[in-house]
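*Asks:* let me see the structure of the following:
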Amino acid sequence: MRAYFLKLHQKIICFSKRPFVLNVLTLVTGTAASQAITMAFMPLITRIYGPEEYGIQGVFITVAGVMATIAALTYPAAIILPKTDGDAMGIVHLSICVSIAMSLFAAVLLFICGDEILSFLRAKEILAFMYLIPVAMVVSVFGNVTGQWLIRKKAFLLTAKVTALQSLTINFFKVGLGVVNSTATTLIVINVFGGVLSAGMMAFGYRKIHVLEKRPIEKPKRQLNISSIAKKYYDFPLLRAPQVFINAISHNLPVLMFSMYFGPASVGFYLIAFSVLGAPSIIISGSVMQVFYPRINEAIQRGEDVRKLIIKATLGLTLAGAPAFLIVIFAGPVIFEFILGSEWRMAGAYAQWLSVWIFFQYINKPAVAAIPALRIQRGLLVYEIFSAFAKVLAIFIGYVIYNSDIVAVAIFSVFGAVMYAVLILWVVALSSDVNTARKI
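*Replies:* Sure thing, here's the model as predicted:
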């Protein structure tokens, strides 16, 4: 028996020293610290800001976030793929140029008919903040570009440090400024500032690393042709951008629908429940996705067993996350009331059902990360259309037929979980075809 445990211990040590595992652990540490900081501040923040303030902030983040998904037409996601830094830097330049153009277009559109657009979206609560939406779009792209470049250069330790420091700074401002002015305006401005802070710290940190190591920042070895790079990665704006946009809309439909039928307070309940449940997903699966994306790309190039990699990563996330989600399913209202205050008990009821959906969203990250590398984004676009339709149908049934926010959340979560399960099985099946084709 002793020999068995010694052998097991040696296997664990050997496994933990693998580059993939070390990179995941590095990102998990930073993201876990970030989420721990957020969770530590949350009981204070929820007692400073009420559900309505959180709800108005949530509506702004939803509208700005949906627009941000297509601000650069998803070109930043392609930064990982080129073999040379010259082509990757070309994608960086292309992403920034596209984002500026798209943000200016959004600003003009809001100036001409912003009132009508927000009225149509039932989001008039954020009318006073609508010109911050184009700013949030540009800030989001800069942060995304910087983050993707760090992933490309495998600067995972820097990413982890920035994640934790940004969380500490933002939550400190939410509490400090909230004591003076506990309004939705404070929350919205701090969130936009948080994006600027994160992008700035990542860029500064990366440059500092090269100065300390006396290495120059990589420069292209040839004249970049941004037009040719845009054409080479045409599937990102043509296929991935619509898919991401549709996904963002379907993902954020509950926020807009809750705002429309039940008001900002209900949005606040939903967002608090979602943010608490998203903690394990962000801590583990987000870190896995950042490391898994370049890893799966390398595996395809080397002819490795891609299907096996996806299955192992998915099963690992399942085993790691199941206990936490089960606890929320059985005791959500009691936990939320005890930690956040009595006025947030309803958020715990939302969380009981949302756990089902978010759990499958949590375990599908390896499959999602593999999609660009497998170049199956056309199929993902079709999937997102059907997924969005299913979620709209779920919300329609809950609101219109049952007139109940809890029923709407329950049906939405079940439909969403089924669609995520279908996505995982689809990617695994296609990755098997890739392996077969390579053997032939």
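
*Asks:* domain ranges for this protein?
*Replies:* Following automatic domain parsing, one finds the domains of the chain at 23-233, 249-440.

*Asks:* can the ones you listed go into TSV with extra columns for mean neighbour count?
*Replies:* Glycine gets a C-beta too; all of them are placed from N, C-alpha and C. Output for these, formatted as TSV (neighbours: other CB atoms under 10 Å):
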stretch	mean neighbour count
domain 23-233	18
domain 249-440	19
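
*Asks:* looking at those, which has the lowest confidence?
*Replies:* Ranked by mean pLDDT, those bottom out at domain 249-440, which scores a mean of 80.

*Asks:* residue ranges of the helices in the stretch 151-300 of the chain, please?
*Replies:* Secondary structure of the stretch 151-300 of the chain by DSSP state H, counting those that start in this stretch: the helices cover 156-180, 184-212, 226-232, 235, 241-261, 264-280, 287-302.

*Asks:* determine which of the ones you listed approaches Met346 most closely.
*Replies:* helix 264-280 (4.9 Å; CB to CB).

*Asks:* which residues sit in contact with Ile100?
*Replies:* For Ile100, the contact set (CB atoms under 8 Å, 6 or more residues apart in numbering) comprises Val138.

*Asks:* distance of the nearest residue in space to Pro237 that is not next to it in sequence from Leu187?
*Replies:* Distances taken as CB to CB, 6 or more residues apart in numbering put Leu73 closest to Pro237, at 3.7 Å, once the chain neighbours are dropped. The gap separating Leu73 from Leu187 is 29 Å, by CB to CB, to the nearest Å.

*Asks:* give the contact list for the spatially closest residue to Ala184 that is not a sequence neighbour.
*Replies:* Nearest non-adjacent residue to Ala184, counting by CB to CB, 6+ apart: Ile56, 3.7 Å away. By CB under 8 Å, 6+ apart, Ile56 lies in contact with Glu125, Ile126, Ala184, Leu187, Ile188, Pro264, Val267.

*Asks:* quick check: the farthest pair among the residues you listed?
*Replies:* Within these, two members stand farthest from each other by CB to CB: Ile188 and Val267, at 13.6 Å.

*Asks:* now the helices of the stretch 151-300 of the chain in CSV, with distance to Ile79?
*Replies:* As requested, the helices of the stretch 151-300 of the chain are arranged in CSV below (distance: least, CB to CB, whole Å):
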stretch, distance to Ile79
helix 156-180, 14
helix 184-212, 13
helix 226-232, 11
helix 235, 15
helix 241-261, 15
helix 264-280, 25
helix 287-302, 10
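
*Asks:* hmm, back to that, tell me which element the residue nearest to Ala184 falls in.
*Replies:* Using DSSP states H and E, Ile56 falls within helix 51-68.

*Asks:* downstream neighbour of that helix in the secondary structure list?
*Replies:* Counting by DSSP H and E, what follows helix 51-68 is helix 85-120.

*Asks:* how far away from the center of its chain is that following helix?
*Replies:* Relative to the chain's own centre, helix 85-120 is displaced by 19 Å; criterion: CA atoms, centre = their mean, to the nearest Å.

*Asks:* got the angle for that helix vs helix 51-68?
*Replies:* Going by axes from the mean of the first three to the mean of the last three CA atoms, to 10 degrees, helix 85-120 is angled at 130 degrees with respect to helix 51-68.

*Asks:* which residue ranges of the stretch 301-440 of the chain form helices?
*Replies:* 306-340, 345-363, 365-374, 377-396, 405-439.

*Asks:* mind checking those helices for the one nearest to Gly143?
*Replies:* helix 365-374 (18.8 Å).

*Asks:* show me what contacts the nearest residue to Leu104 once chain neighbours are set aside?
*Replies:* Computed as CB to CB, 6+ apart, the closest residue to Leu104 that is not its neighbour in sequence is Pro134, at 7.2 Å. When contacts are counted by CB under 8 Å, 6+ apart, Pro134 is found next to Ser103, Leu104, Ala106, Ala107, Leu110.

*Asks:* same question for Ser119.
*Replies:* Not one residue lies near Ser119 by CB under 8 Å, 6+ apart.

*Asks:* quickly note the distance from it to Phe41.
*Replies:* Distance, Ser119 to Phe41, using CB to CB: 34 Å.

*Asks:* looking at it, Cys313 is touching Pro366, isn't it?
*Replies:* Let me fix one detail, which is that residue 313 is Ala and not Cys. Yes: taking contacts as CB atoms under 8 Å, Ala313 lies within contact range of Pro366: 3.7 Å.

*Asks:* would you mind giving the secondary structure of the residue nearest to Leu104?
*Replies:* Under DSSP: H, G, I helix; E, B strand; the rest coil, Pro134 falls in the helix class.
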